[in-house]
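K.L.:
sharing a model that was predicted from the sequence below.
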Amino acid sequence: MSEFATPVPLSGDRVALEPLTHDHAEGLRAVVAEDDLHRTWYTRIPAPDAVDAEIDRRLGLQQRGSMAPWAVRRLDTGAVCGATTYMNVRPADRKLEIGSTFLAPSAQRTGVNAETKLLLLTRAFEDLDCIAVEFRTHWHNHQSRTAIARLGAKQDGVLRNDQVLPDGSLRDTVVFSITAAEWPAVRAGLHHRLSR
């Protein structure tokens with residue numbers, strides 16, 4: 001398995017990213033149940049009774065070398081507050097996507113997401129020598145689009161009718177990226193946000 005698909009423990013001041021295991025299932029069930037997060041229509045978040053299957057799916061993709069999955073743990077409370085991944089990893093091209101992320105509503109707008117992304121981007125650019133990191137989200141997920149842009153990622157384009165969702169609706173996917181040349185400014189911006 002490549003380093004790109006190997007989730008190593010990562011830790012900051014607010015969060016610890018732990019390689020995903022079934023030991024995280026109970027905490028993730030609470031996350032997706034909080035404020036009915038799993039009912040968000042424009043993204044794929046497992047229902048509480050589907051968390052084990054989602055962990056199996058992510059670990060299966062890791063075994064096939066295309067994903068590195070983590071659980072996100074808040075350091076102030078010790079609680080699991082979400083999950084994230086490197087996905088669509090392309091070691092030969094030195095590229096990957098950060099995605100399949102969901103955070104408990106109580107963890108949003110707390111610096112948890114910013115520090116999670118700082119840890120993942122630092123590993124991608126400084127340890128794995130990536131030349132670019134992508135982010136993709138649903139056109140209608142305005143909260144995610146705003147958060148990705150606030151990281152310093154630039155919008156590359158929109159893939160029209162990119163996916164058929166479980167309810168039969170079509171997803172237009174907005175693609176963003178950060179390049180290696182942009183990483184120093186993105187890193188400085190994230191450090192500034194987290195220091196306030």
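P.N.:
In hand now; what should we look at? Everything numeric in this text was worked out from a predicted model, so none of it was measured.
K.L.:
so residue 94 makes contact with residue 127?
P.N.:
No. In this structure, residue 94 is not within contact of residue 127 by Cβ atoms under 8 Å, at 11.8 Å. (Glycine included, C-beta is placed from N, CA and C.)
K.L.:
neighbour count for these two, which is higher?
P.N.:
Each of residue 94 and residue 127 has its neighbours counted (other Cβ atoms under 10 Å); residue 94 has more, 17 against 11.
K.L.:
residues in contact with the more buried one?
P.N.:
128, 129, 130, 131, 132 (Cβ atoms under 8 Å, 6 or more residues apart in numbering).
K.L.:
what do you get for residue 102?
P.N.:
31, 32, 37, 43, 45, 82, 83.
K.L.:
6 Å - rerun?
P.N.:
45, 82 (Cβ atoms under 6 Å, 6 or more residues apart in numbering).
K.L.:
part of a strand, is it?
P.N.:
Yes. Residue 102 forms part of a strand when assessed by DSSP: H, G, I helix; E, B strand; the rest coil.
K.L.:
contacts for the lowest-mean-pLDDT helix or strand in the chain, please.
P.N.:
Lowest by mean pLDDT, DSSP states H and E among the helices and strands of the chain is helix 142-151, with a mean of 92. Contacts to helix 142-151, defined as Cβ under 6 Å, 6+ apart, come from residues 117, 135, 137, 174, 176.
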